[in-house]
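*Asks:* Okay, predicted coordinates and the sequence, questions at the end:
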Amino acid sequence: MVATCNVLNLANPGRMFYENQDPYSAAEFERKLTWLGERLRMLNADVLAVQEVWDEAAFKGALGRSGLRYDFVAVPGAENDAERHGAQGTPRVGIATRLKVEALQSFPDFPPGFQVEVPGLGPHTRFERPPLVATLRMKHGQTLNVLTAHLKSKRPKFLQDAQGNPIVDRDDHKVVALASLRSLVMRGAEAMALRCLIIDLLHRTSIPLVVLGDFNDTPDSVTTQLICATTEIAYDRSARDVALFNAYDLQGEAALKKDVAYSHIHQGSPSVLDQILVSEEFMASGRNSVGDVRRVDYFNDHLHEGRDRTRSDHGFVRALLRLKMPPATPQSPP
């Protein structure tokens with residue numbers, strides 16, 4: 001069972017995370033941990049991918065409230081100890097899992113030669129929130145790669161000085177249009193760099209891959225399609241090797257495909273921004289299938305409870321995946 005959760009600025013109480021937002025009070029923090037702990041208990045996922053974590057300690061606190069046991073918890077860049085005081089500037093992605101972790105790596109930089117020029121900002125060479133790749137070992141021995149991502153939002157990217165003060169007229173509609181284009185270019189660049197990372201993980205390997213997180217775009221968007229490259233299969237069958245597929249579309253016939261499949265509501269319009277993508281190994285009828293997608297569920301009732309920062313403004317998405325048992329090793333005669 002894998003799940004993705006944008007936890008909406010999960011930070012320790014009393015600490016400033018954005019200059020334009022007040023820190024959480026002790027009471028707010030308690031409400032947030034309790035609410036999140038209840039949701040995590042409901043998900044009961046073996047692999048839990050999270051976004052918007054400012055303090056790893058706060059995430060561990062929420063896991064503690066869930067009553068579930070996770071042997072491995074990590075939010076690289078948001079650690080809390082004597083030298084490190086959580087994420088700075090932007091929140092981070094993380095993972096909690098019951099499975100054995102064989103490797104964990106954060107990828108802050110785009111591949112060499114893949115920088116993209118952003119109008120007014122210059123070359124875009126790094127992820128704002130570095131994706132995280134974990135290599136996991138299932139209890140029966142199978143290997144699984146899990147990639148957690150959080151792409152650039154659609155919020156307009158306005159120019160500002162070194163102190164963070166605006167240097168453009170944010171009420172000018174043309175300035176807003178250019179700022180929105182900057183966000184699109186940045187998100188597209190991150191999608192391209194993420195695609196390169198996915199190719200490295202999939203090309204000529206048989207290790208299944210799950211990519212999940214907040215894409216800040218819908219499954220049919222240009223950026224998501226860039227990440228998946230599913231359309232290439234129509235004219236190049238070998239492209240399956242490095243393609244990704246939306247887990248929702250691969251559900252077994254017995255799964256109930258509800259009409260409430262959305263994870264975010266913006267100005268009254270529901271959409272799917274939080275996605276779970278899988279490699280061809282999870283296609284039940286695929287040539288290289290080693291498993292399948294049994295079910296995908298959306299936990300989004302709280303989106304209709306009103307805006308409150310002690311809850312999340314994103315729905316959580318969970319998928320039940322199956323991997324075939326490895327072949328039994330023949331026993332040698334005594």
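*Replies:* Nice, thanks for sending it over.
*Asks:* List the residue ranges of this protein that fall below the pLDDT cut-off.
*Replies:* Residues of the chain meeting the criterion pLDDT under 70: 253-263, 265-269, 328-334.
*Asks:* quick one, helices of the stretch 201-334 of the chain?
*Replies:* 222-228 (DSSP state H, counting those that start in this stretch).
*Asks:* Pull up the gap between the residue lying closest to residue 219 once chain neighbours are set aside and residue 220, please.
*Replies:* Using Cβ to Cβ, 6 or more residues apart in numbering and skipping the chain neighbours, the partner closest in space to residue 219 is residue 246 (5.3 Å). (C-beta placed from N, C-alpha, C; glycine too.) Distance from residue 246 to residue 220, counting by Cβ to Cβ, to the nearest Å: 10 Å.
*Asks:* Tell me which of the two has more neighbours.
*Replies:* Using other Cβ atoms under 10 Å, the more surrounded residue of residue 246 and residue 220 is residue 246, with 19 against 9.
*Asks:* check contacts around that one.
*Replies:* If you count contacts by Cβ atoms under 8 Å, 6 or more residues apart in numbering, residue 246 has them with 219, 228, 275, 276, 277.
*Asks:* Please name the nearest non-neighbouring residue to the third one.
*Replies:* Put plainly, it is residue 275. Of all residues apart from its sequence neighbours, residue 215 sits closest to residue 275 (Cβ to Cβ, 6+ apart), at 5.4 Å.
*Asks:* The second one too?
*Replies:* Excluding the flanking residues, the one nearest residue 228 by Cβ to Cβ, 6+ apart is residue 244, at 4.2 Å.
*Asks:* Go ahead and confirm that neighbour touches residue 277.
*Replies:* Yes: in this structure, residue 244 is within contact of residue 277 by Cβ atoms under 8 Å, at 4.2 Å.
*Asks:* Of these two, which one has the most company?
*Replies:* The residue with more neighbours, out of residue 244 and residue 277, is residue 277; 28 against 25, by other Cβ under 10 Å.
*Asks:* Isn't the more buried one up against residue 211?
*Replies:* Yes: if you go by Cβ under 8 Å, residue 277 and residue 211 touch, sitting 4.4 Å apart.
*Asks:* overlap in contacts of the two?
*Replies:* 227, 244.
*Asks:* what's the distance between residue 196 and residue 202?
*Replies:* Residue 196 is 11 Å from residue 202, by Cβ to Cβ.
*Asks:* neighbour count winner among the two?
*Replies:* residue 202 (21 against 13).
*Asks:* How about the contacts made by that one?
*Replies:* 209, 241, 242, 279.
*Asks:* neighbour-wise, which of the residues you listed leads?
*Replies:* residue 279 (27 neighbours).
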